[in-house]
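# Sequence first, predicted model second:
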Amino acid sequence: HVQLLESGGGLVQAGGSLTLSCAGSGRTFSNYNMGWFRQAPGEEREFVGAYSHSGGMTYYADSVKGRFTISRDNTVNTVYLQMNSLKPEDTAVYYCAAASESLLPKPSLRSRYSYWGQGTQVTVSS
């Protein structure tokens, strides 16, 4: 069992950057595969990216590839989402999630993730 808490959201101008953090509880945090999702008003929650605990593989949605980077530091039980070149369409509540099972073949599948944080708001102004 793991609890997740996101932080780092806020208001930023288009073209700017933000780094979100997701702090996890529990001694087994390093064993979880981690994902980031986002949900804009009136939209479905969508996959942003994921980080596999085995081998450190990362996966990204096409919409953020090349702009967003996921990393993790297991010494402090934290996963990060570095967001660069932000666009107004990146505005959403961002959630981190933890999966105890393999992410493959489809890391974007929400049902793979058993634990979710409360989310943090990111607003990008034009």
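Everything's here; your move.
# Could you use CA atoms for every contact and neighbour count after this?
OK.
# what about the residue nearest in space to the middle of the chain, which SS state?
The geometric centre of the chain, computed from its C-alpha atoms, lies nearest to residue 36 (Cα atoms, centre = their mean), at 2.1 Å. The assignment at residue 36 comes out as strand when based on DSSP: H, G, I helix; E, B strand; the rest coil.
# Mind listing the residues bridging to it?
residue 49, residue 96 (DSSP bridges).
# Next up, the contacts around it.
Residues near residue 36 by Cα atoms under 8 Å, 6 or more residues apart in numbering: 47, 48, 49, 50, 81, 94, 95, 96, 97.
# Ignoring the adjacent residues along the chain, who's closest to residue 80?
With sequence-adjacent residues excluded and distances taken as Cα to Cα, 6 or more residues apart in numbering, residue 80 is closest to residue 21, at 4.6 Å.
# got a list of what that neighbour touches?
With contacts defined as Cα under 8 Å, 6+ apart, residue 21 is in contact with 5, 6, 7, 8, 78, 79, 80, 81.
# Now do the same for it: its pLDDT.
In this prediction, residue 21 carries a pLDDT score of 98.
# How many residues are close by the nearest residue to residue 112 once chain neighbours are set aside?
The shortest distance from residue 112 to any residue that is not its chain neighbour, by Cα to Cα, 6+ apart, is 5.9 Å, and that residue is residue 99. Residue 99 is surrounded by 23 other residues when neighbours are defined as other Cα atoms under 10 Å.
# Residue 81 now?
The number of residues packed near residue 81 is 23, by other Cα under 10 Å.
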